[in-house]
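Student: mind folding the following:
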Amino acid sequence: MTSVRDSGFPSRDAIVAFIRANPGKVGTKEIARQFGLKNADRAELKRMLRELADDGTIRKQGKKVTEAAVLPATLMADVTGRDADGELIATPAEWDEAEHGEPPRIRIHIPRHARPGTTAGVGDRALIRVERTDDGDGVAYRGRVIKLIDHGRSRALGLFRALPDGGGRLIPVDKKQAGRELNIAKADAMGAQDGDLVSVDLMRTRGYGLASGRVKERLGSIASEKAISLIAIHAHDIPLEFSAPALREAEAAQPAALKGREDWRDVPLVTIDPPDAKDHDDAVHAETDSDPNNKGGFIVHVAIADVGFYVRPESALDRDAVRRGNSVYFPDRVVPMLPERISNDLCSLVPGEARGALAVRLVIGADGRKRSHGFHRVLMRSAAKLSYAQAQAAIDGRPDDVTGPLLNPILKPLYAAYRCAKRARDERDPLDLDIPERKILLKADGTVDRVVVPERLDAHKLIEEFMILANVAAAETLEKRSLPLIYRVHDEPALEKVHALQEFLKTLDVPFAKSGALRPSLFNRVLTLVAGQDYEQLVNEVVLRSQAQAEYSAENYGHFGLNLRRYAHFTSPIRRYADLVVHRALIRALGLGDGALPDSETAEHLSEVAAQISVTERRAMKAERETADRLIAHHLVDRIGASFQGRISGVTRAGLFVKLDDTGADGLVPIRSLGTEYFNYDETRHALVGSRSGAMRRLGDVVDVRLVEAQPIAGALRFELLSDATDASRGGLREREGRGARLAEDDARKADRKKPAESKGRKSKSNKSKGGKSKGKSAAKKNKASGKSRRGK
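Tutor: Residues are numbered from 1 along each chain as shown. Next up is the predicted model:
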């Protein structure tokens, strides 16, 4: 029986027990209904829930609450082994051990008559529905497989190192397999050459000696950066080839016709993208509103390629697309979600060609707020393909042959509409973090040319704001029609992370007065206070780390970073499966023809899809990041011993991570190399502090380092620190005096070592007066850091 207080109000234990029994499904309303609470009891219930959240017993997720560190009802999990009774045991694929400790174990229930594709084995990854269990044997959850995502590996990826006998060794690229080389006999080498990246089938071996393998595929020489992106593709099981049925469907597809569509071919829509964009799936147009009731307002048209017309539910193209989840972008290639016939041809809004589109007409008031909107299935013809810099240059008074004729009729109304919409955005006050975003540029031969921080222009912000408005309109339309959809959600920060941020800011004497509900404006006030200070970058980094990660969900709990109550991805169905689902739902809701979401589609199934594509999104981000790390390590391998300036980007018990200013490369300074004393990890201050001297190495400190080791295969760099530390007693960042002199002395010592013996001992004065001053901050991109995807849509 439910435990209650004498007053009839439920006890803390009773409320927690109810929340535990219904993970992610209950909020204040459901708890009140369960315990028969009246309106007069709501204030007391909310107070108790706040207390439970403050002490870490429960956590909020939008309007719902769950037990702290409890698993969601549906998640991706890895089958890791069996228990004593032979039943399969799994653990969550995504789990923060540093924050939550050991991952919980899930016992997999296998029904007698399992559906095809739901029978898992050890080493497999699967989408699992879980529920809490109190079996008392250390296994906290029971689960069943919804869908098998990936079979356990019987193949390894690595670098082939040739041996004199014609065989070789495989050096695995997986850091977890470091030191576990495979032996490859000459007959199994398939002609692999020293330095080749190869895929190897694992072979059965005896219980002693090296395990053996047989080369299955030669992927190219590691001397080529083309092979470096292949490492991430294969290491993360990103599908590279499309199925034969999907390719046949793509080749058979025909351009959209006018039948069943509105004719928008005379609307001068334009695409504005990066200069190297591989797909052009969105176009925009704006004009002043002639309605006398909307003086000073605008009409904005956003047209998005009609991918749903070509990729129908349950088709081969659809099966391939949901498996990929999204496109993956590397410096040297794109792994698309859809075949090129669809993504780069039929659904690319190229100038002068008629293309099918799903478009939204947005009515913007003079105050910048969206007054109304309507969706249309149209046939359009792009008037021009522009780059961000090209559009911006025209507005700034430097039009070219393409933008000159477009300036007055098209570009100026677009910018005027953006300035209008920006008023409402500024009033909304979304999270506004200042985080540099670097881009690797390659030479014609595929090697690294340089790393740049692209300038953030009003052209970028214009497209971003119009895409956000279109995404909001899609979510509102589908909610109003009560159709199931996949939301783009971003939860508010966990209370424990907010408390940790508050304690950190105290060490800098930066006020952080949390009162009432969390809002992005609370964090923006902090960022405004530290603007221009030495620790501005540090605070931006720590605020970013306090935020939750955006994801896809069939349940709406809002988008904290954008400060929006409802939000869905609509604007990039070429490269995101979530957008394709939203397109299908709009087609069904508004009766727009073929390609609609099936009537049989359920919120439960979309919840499974949302969990799966959230995982593929994180997979893509990790693969892109690892490839960048490998490219830069490959680029720096010839610069061992060189000195660099950077910032401490991470502090752990193992040491310091330093991000270099010029390339954005991250490397480790092992804690053992910091000095002879013992260093304590201060989690509150994000610092390592010397036990005797009080010397402090802190997140965000500007430091000078020497490159000691570069491992291109692992994408790992190792540094040694050249800079002095901060005095921990001061609580501030270390002083930068004397940095130039130390670097000059270091350069002089290296030059001295290279001289002939008879010239040693002479002092080199040429460098001592050339202390290298900091060139200042790189231009930083205003990245909203709230889970927004590529191009901020």
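Student: in the lengthiest helix in the chain, what's buried?
Tutor: In the chain, taking DSSP state H as the definition, the longest helix is helix 603-636. Within helix 603-636, the residues that count as buried by 16 or more other C-beta atoms under 10 Å are 606-620, 623-624, 626-636. For every residue, glycine as well, the C-beta is placed using N, CA and C.
Student: likewise for stretch 162-169?
Tutor: Neighbour counts over stretch 162-169 (16+ other C-beta under 10 Å) mark Ala162, Gly167, Gly168, Arg169 as buried.
Student: packing partners of whichever helix or strand comes after the longest helix of the chain?
Tutor: Proceeding C-terminally, helix 603-636 gives way to strand 643-652 as the next helix or strand, assigned by DSSP states H and E. Counting contacts by 3 or more C-beta pairs under 8 Å, 6 or more residues apart in numbering; DSSP states H and E, strand 643-652 is packed against strand 655-660, strand 695-698, strand 702-711, helix 739-754.
Student: which of these comes out lowest on mean pLDDT?
Tutor: Lowest mean pLDDT of the helices and strands packed on strand 643-652: helix 739-754, a mean of 43.
Student: measure the closest residue to Pro255 other than its chain neighbours to Leu338 for me?
Tutor: Once flanking residues are discounted, Pro255 sits nearest to Leu346: 6.1 Å by C-beta to C-beta, 6 or more residues apart in numbering. Distance of Leu346 to Leu338, computed by C-beta to C-beta, to the nearest Å: 10 Å.
Student: same drill for these two, tell me which one is more crowded.
Tutor: Leu338 (28 against 23; other C-beta atoms under 10 Å).
Student: thought the more buried one was touching Ile574?
Tutor: Yes: here Leu338 reaches Ile574: they are 6.3 Å apart, a contact under C-beta atoms under 8 Å.
Student: and Ala211, what does it touch?
Tutor: Arg180, Leu182, Asn183, Leu202, Met203, Thr205 (C-beta atoms under 8 Å, 6 or more residues apart in numbering).
Student: so what sits opposite it in the bridge?
Tutor: Counting by DSSP bridges, Ala211 is bridged to Leu182.
Student: ok, it to Val581 distance?
Tutor: 43 Å.
Student: likewise for Tyr557?
Tutor: Per C-beta to C-beta, Tyr557 is found 18 Å from Val581.
Student: swap in Ala391?
Tutor: For Ala391 relative to Val581 (C-beta to C-beta), the value is 31 Å.
Student: also Arg718?
Tutor: 44 Å.
Student: more neighbours, the two?
Tutor: Neighbour tally, Arg718 and Val581, criterion other C-beta under 10 Å: the higher count belongs to Val581, 28 against 18.
Student: who's in contact with that one?
Tutor: Leu485, Ile486, Leu597, Leu606, Val609.
Student: give me the spatial nearest neighbour of the fourth one, chain neighbours excluded.
Tutor: Nearest in space to Leu606, with sequence neighbours left out and distances taken as C-beta to C-beta, 6+ apart, is Ala554 at 4.2 Å.
Student: just the pLDDT at the residue nearest the centre of the chain, thanks.
Tutor: Residue closest to the average C-alpha location in the chain (C-alpha atoms, centre = their mean): Met621, at 4.9 Å. Per-residue pLDDT puts Met621 at 94.
Student: only C-alpha atoms, please: export stretch 403-418 in CSV.
Tutor: The C-alpha coordinates for stretch 403-418 follow below in CSV (Å, rounded to 0.1, in the frame of the first residue of the first chain):
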residue,chain,number,x,y,z
THR,A,403,24.8,39.3,-56.8
GLY,A,404,24.7,42.7,-58.5
PRO,A,405,21.3,42.1,-60.3
LEU,A,406,20.0,40.4,-57.1
LEU,A,407,21.0,43.0,-54.6
ASN,A,408,17.9,45.2,-54.6
PRO,A,409,15.1,42.8,-55.5
ILE,A,410,16.2,39.8,-53.5
LEU,A,411,19.1,40.3,-51.0
LYS,A,412,18.1,43.6,-49.4
PRO,A,413,14.5,42.3,-48.6
LEU,A,414,16.1,39.2,-47.1
TYR,A,415,18.4,41.1,-44.8
ALA,A,416,15.6,43.5,-43.9
ALA,A,417,13.3,40.6,-42.9
TYR,A,418,16.2,39.1,-40.9
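Student: so which bits of it are buried?
Tutor: For stretch 403-418, using 16+ other C-beta under 10 Å, the buried residues are Thr403, Leu406, Ile410, Leu411, Pro413, Leu414, Tyr415, Ala417, Tyr418.
Student: wait, the third one touches Val270, no?
Tutor: What that stands for is Ile410. Yes: Ile410 lies in contact with Val270 (C-beta under 8 Å); the separation is 6.0 Å.
Student: overlap in contacts, those two.
Tutor: Shared contacts of Ile410 and Val270, defined by C-beta under 8 Å, 6+ apart, are found at His285, Ala383, Ala384.
Student: hang on, the earlier thing: can you give me the offset of the longest helix of the chain from its chain's centre?
Tutor: Centroid displacement of helix 603-636 relative to its chain, using C-alpha atoms, centre = their mean, to the nearest Å, is 7 Å.
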